[in-house]
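Q: Dropping a prediction and its sequence here:
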Amino acid sequence: MASGSRSAGRVRLKDVADRAGVSMKTVSNVVHDYEFVSPQMRERVQAAIDELGYRPNLTARRLATGKTSMIALALPVVDQPYYAEIARYIGEEAERRGYRIIVEQTLNGVEAERAVIRDREEGLVDGVIFHPVRIGTLEIARLRPGTPIVLLGESARPLTTDHVMIDNTQAARDGVELLLAENRSRIAFLADVRGDITESTHLRLLGYQEALLTAGIQPDPELVLRSDGFTIEDGVAAIAAAIERGIHFDAVLSRDDTFAMAALRALQAAGRSVPDEVSVLGWDDTVLAHSSTPALSAISPDKFAIATTALDLLEDRMKGYEGTGRHRIAPYTIIERGTTAALQR
């Protein structure tokens, strides 16, 4: 076949076989990554695939094998740094394992989340990794999704479904303890967001309170700063309002890196030095933590572990595992940079 006729239409399996000088069955074995193909033959066929730009027909593959090698990743939003980085880690690891990722955002919409559970992707993907916000444990358990699914985040943990998260409450306790070890005694929490529907804020506030009580410090409600939203501007307004009201604080535990960046901006505007006067601890350790001045100290979930654990669980389900949901706690660390002082020993 001449190159001109190939470029006019879809490259077929037969075109690759002709170019490589092998049978169509051999090309199919390479495409499906069958182990018994010799390295030399695999390299020869792959060279023809790359040269011709062959792409497998997913519909034909699904009809032949019942599999698409596609995974859906459903996130609340894709432009928030934490979710963007989780998507990257999952995408890279999925590709390494031979899967392609379809990323969709639910925009925190309850019907969009229900659609993910109600097998909107059934027949199109082999499995789903899903970070719900609106729908909870019982609703997911009742809907009983037919497509293999793994949940991320804190909102829903049904016994029938696999789930991956970090221990947010313990991480918040550890963050507060680090700040207390710096001899900070007036630690603000930024922020309690009006209308917040996420479980993560509740769990982080719980850990914040527990750590203070364990240290013999009565939590001050005035130090739980309220915000009208999740943007940097909302966080700046919350810090500025607290300073204007005369609320004294010498440290800030932020519910995410966006609010930590807001704290840095508001404190600079108020002429308060970080970390000499106020320590600031972020959460998520996203790209924001590395781009701030000074560089942001942060509670750092192991995003690679979250991605690999979720894919491990999902692959088990896709291969036929039907047991009770497995709940995995991914590790985290606290990375100290320029916004917290050295520990006082």
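A: Received the coordinates, thanks.
Q: check contacts around Trp219.
A: Careful, residue 219 is Pro and not Trp. 208-209, 212-213 (CB atoms under 8 Å, 6 or more residues apart in numbering). The way it works is simple: take the backbone N, C-alpha and C, and place the C-beta from them, glycine included.
Q: ok, so what distance separates it from Glu177?
A: Per CB to CB, to the nearest Å, Pro219 is found 14 Å from Glu177.
Q: How about Ile306?
A: Going from Ile306 to Glu177 by CB to CB gives 23 Å.
Q: again with Gly216
A: The spacing between Gly216 and Glu177, counted by CB to CB, is 13 Å.
Q: Neighbour count: the two, which is higher?
A: Set Gly216 next to Glu177 and count neighbours by other CB atoms under 10 Å: Glu177 wins out with 15 against 6.
Q: so is that one in a helix, a strand, or just coil?
A: On the three-state scheme (DSSP: H, G, I helix; E, B strand; the rest coil), Glu177 is labelled helix.
Q: The one 3 residues further on now?
A: Three-state call for Leu180 (three-state DSSP): helix.
Q: same question, the one 4 residues further on
A: Of the three states, Arg184 takes coil according to three-state DSSP.
Q: since we're on it, how many residues are nearby?
A: Counted by other CB under 10 Å, the residues lying close to Arg184 total 23.
Q: Run through the residues that contact Arg265.
A: With CB under 8 Å, 6+ apart, Arg265 has these contacts: 232, 236.
Q: switch to 6 Å and redo it
A: Counting by CB atoms under 6 Å, 6 or more residues apart in numbering, Arg265 touches Val236.
Q: and the closest residue to Gly338 other than its chain neighbours, how many neighbours does it have?
A: Computed as CB to CB, 6 or more residues apart in numbering, the closest residue to Gly338 that is not its neighbour in sequence is Pro294, at 2.8 Å. Here the number of neighbours of Pro294 (other CB under 10 Å) works out to 13.
Q: Lys303 too?
A: Residues near Lys303, counting by other CB under 10 Å, number 21.
Q: I'd guessed it sits against Ala87; true?
A: No. Assessed by CB atoms under 6 Å, Lys303 is found out of contact with Ala87, at 10.0 Å.
Q: Now do the SS call for the closest residue to Arg55 other than its chain neighbours.
A: Beyond its immediate neighbours in the sequence, the residue positioned closest to Arg55 (CB to CB, 6+ apart) is Val11, lying 7.3 Å away. Secondary structure state of Val11, per three-state DSSP, is coil.
Q: what residues go with each domain of this structure?
A: Under the assignment automatic domain parsing, the domains of the chain span 1-46, 70-166+303-331, 168-301.
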